[in-house]
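Asks: Return atomic coordinates for the entry below.
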Amino acid sequence: MSSLNRREFLYMMSVLGASSLYAKSHKRLFDVKNLDDYYKIQNFGNARFMHITDVHAQLLPIHFREPSVNLGFYSNYGKPPHIVGTHFLKHFGIKSNSRAAFAMTCVNYVENAKRFHRVGGFAHLKTLTDHLRTSFGKDKTLLLDGGDTWQGSATALYTRGKDMVDASNILGVDIMTGHWEFTYKEKEILDNIKASNSDFVAQNVFVKDESLMNGVEAYNEDTGRAFKPYVMKKIGDHNVAIIGQAFPYTAIANPQRFIPDWTFGIRPEEMQTLIDKVKSKEKPDAIILLSHNGFDVDKKMASVVNGIDFIMGGHTHDAVPQAIPVKNSKGITHVVNSGSNAKFLGVLDLDIKDKKVRDFRFTLMPVFSDLLPENKEMKAFIDKTRAPFLEKLTRPLATTDDLLYRRGNFNGTFDQIICDALREVKGADISLSPGFRWGTTVMPGGTITFDDLMNHTAMTYPETYIRDVKGADLHNILEDVADNLFNKDPFLQQGGDMVRTGGLSYTIDPRKNMGKRITNLELSTGEKIDANRIYKMAGWSTVGSASTGEPVWETVEKYLSEHKHIKNLKLETPDIIGVKNNPGIELSLYKS
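Replies: This is a model prediction of the structure:
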């Protein structure tokens, strides 16, 4: 089995980078019969797996700027996904003014976005998935969803994820796992799973013993698993096992109070036991792990668990245009990731013969809304879903001269607006905002709508707070988050990015150990943080007990309504030690 489908990869890069290919009439771009002109994938093998992940409820085409900072250290130094910007272009041989550069990097983002427009959109994605199913064979194709689908927009919050369940049914999702799906209440989650046409799989979610004793139902009371651990699917003439791996740190990174009866974990031992059982009982021709671990965690999982052919992963939102081979004691497992926000579709074609995967082709396909026509059924559904809220969603809040984005290890300009709003509206010395990776981009010269604001804040625990915090405790908060992000052991990384700060600067050395990474804490006035002094700190999104403050979108709307226009936004980022030649940071953009 080849470690990298070089021919297909080079083909796709040449297609996305060749401007002459797109010098067609507008009419032809929207001619379904000619999709092969732009999304040509030579059929290969006898089983096709299409993969979306981390959609975050984005039904419409969006702008989404990829990170300029995604640092990797130790064994992940200089390896995908920890290669960004111009380093990424050089590594993969992509032209800086190409569609591929626009889709996969932050380089020349504003200029390229004006040329190539928005990406994603479920109506456009539906056209692409239908095209690829039909061209390969519907009986030989499955669509997998890696989770984080039911949360991330206003309509998803208002409908408790039901809009995305219905959209996924129209899209034709066959199998899914979850993460932010678990930020609704248990009954809501179970009702959504029941309404879904797809199989929900998660081998690593168990019902707590005390909950079982109190009558809480499990998928399997003998094992205690809350959901199906895997499903067997007939693909053409072959039997394939798809195992689910939900986000292992859900009960730590998100409120346990919403799902008090379930417990999570990476559980590599249970994974190995399950794989051995599946091989013995089901005798599959291939085993696919549908994972929401995060890319680095998936790579470690692939190294310590035997028998997985491919891990189709999510959680860290990484767009990696190749399958990464990982050795283990009995062979090689390949890890792939398909970006976020319905911006990409991963396509994995397998050649299965004699009960084994003999070869494969993986292609990461950007979903360009100007090249793909809207599917009429999906478009009608989206319009109907948004109609009751449309006046509210399209309400203008402010205008901006700055590019507003979220994504990057340390800060984003939309995150900065949230931090500034918390400080100003709450009257705080310092503000903190979680390092979420979901949230779309607003272009310079554009209008910030309530819809845009909700794309960064729509969640089930949005309450704000203001509290007293000692300087020493503030230091500990930053150290804890930094250890989560930069721990040498991927199994101890929980995903997400560094907490965003307002009114606070600091120095970080990501290579140091816990407790020694953060130094030089200062207020924006230049005054050093006193370990024994009490500061007023504002924030939102508490994982423990719920706060009582207003939802953060109300706080930010007050701020935007007061300022009316965003211009020359000061991005507060830390001084970073030891990253001068690290390809995980685009220094030219970062310094600006």
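
Asks: Skipping its backbone neighbours, what lies nearest Val297 in space?
Replies: Pro490 (4.8 Å; C-beta to C-beta, 6 or more residues apart in numbering). C-beta: built from backbone N, CA, C; applies to glycine.

Asks: The one you found: what's it in contact with?
Replies: Taking C-beta atoms under 8 Å, 6 or more residues apart in numbering as the criterion, Pro490 is in contact with Asn76, Gly294, Asp296, Val297, Lys299, Lys300.

Asks: May I ask which helix or strand of the protein has the lowest mean pLDDT?
Replies: Within the chain, no helix or strand scores below helix 26-29, which has a mean of 27 by mean pLDDT, DSSP states H and E.

Asks: Which strands or helices does the next helix or strand after it pack on?
Replies: Scanning forward in sequence from helix 26-29 by DSSP states H and E, the next helix or strand is strand 47-52. When contacts are defined as 3 or more C-beta pairs under 8 Å, 6 or more residues apart in numbering; DSSP states H and E, strand 47-52 packs onto helix 122-136, strand 141-145, strand 310-313, strand 344-353.

Asks: which parts of the helix or strand following strand 47-52 are buried?
Replies: Once the chain leaves strand 47-52, the next helix or strand it forms, by DSSP H and E, is helix 85-92. For helix 85-92, the neighbour count (16 or more other C-beta atoms under 10 Å) marks Gly85, Thr86, His87, Phe88, Leu89, Phe92 as buried.

Asks: cool, and stretch 65-79?
Replies: Here stretch 65-79 shows Arg65, Glu66, Pro67, Ser68, Val69, Asn70, Leu71, Gly72, Phe73, Asn76, Lys79 as buried, counting by 16+ other C-beta under 10 Å.

Asks: What lies in contact with it?
Replies: 81-85, 104-106, 109, 296, 299, 318-319, 324, 403, 405, 407-410, 441, 486, 488, 490, 510-511, 576, 579, 582-586, 589-590.

Asks: Among those, which ones are in strands?
Replies: Ile324, Ile576 (DSSP state E).

Asks: Which among the contacts of stretch 65-79 count as buried?
Replies: Buried among the contacts of stretch 65-79 (16+ other C-beta under 10 Å): 81-85, 104-106, 109, 296, 299, 318-319, 324, 403, 405, 407-410, 441, 486, 490, 510-511, 576, 579, 582-586, 589-590.

Asks: how far away is Tyr506 from Gln322?
Replies: Distance from Tyr506 to Gln322, counting by C-beta to C-beta, to the nearest Å: 36 Å.

Asks: circling back: kindly reformat the contacts of Pro490 as a markdown table containing pLDDT and distance to Val55.
Replies: Below are these laid out as a markdown table (pLDDT from 0 to 100; distance: C-beta to C-beta, whole Å):
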| residue | pLDDT | distance to Val55 |
| --- | --- | --- |
| Asn76 | 93 | 25 |
| Gly294 | 96 | 16 |
| Asp296 | 96 | 21 |
| Val297 | 96 | 20 |
| Lys299 | 97 | 23 |
| Lys300 | 97 | 25 |
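
Asks: Of the residues you listed, which belong to helices?
Replies: Asp296, Val297, Lys299, Lys300 (DSSP state H).

Asks: ok, so of these, who is nearest Gly435?
Replies: Gly435 lies nearest to Asp296 out of those, by C-beta to C-beta, at 15.8 Å.

Asks: what about Glu479, is that helix, strand or coil?
Replies: helix (DSSP: H, G, I helix; E, B strand; the rest coil).

Asks: mind listing what it touches?
Replies: Contacts of Glu479 (C-beta under 8 Å, 6+ apart): Met514, Gly515, Arg517, Ile518.
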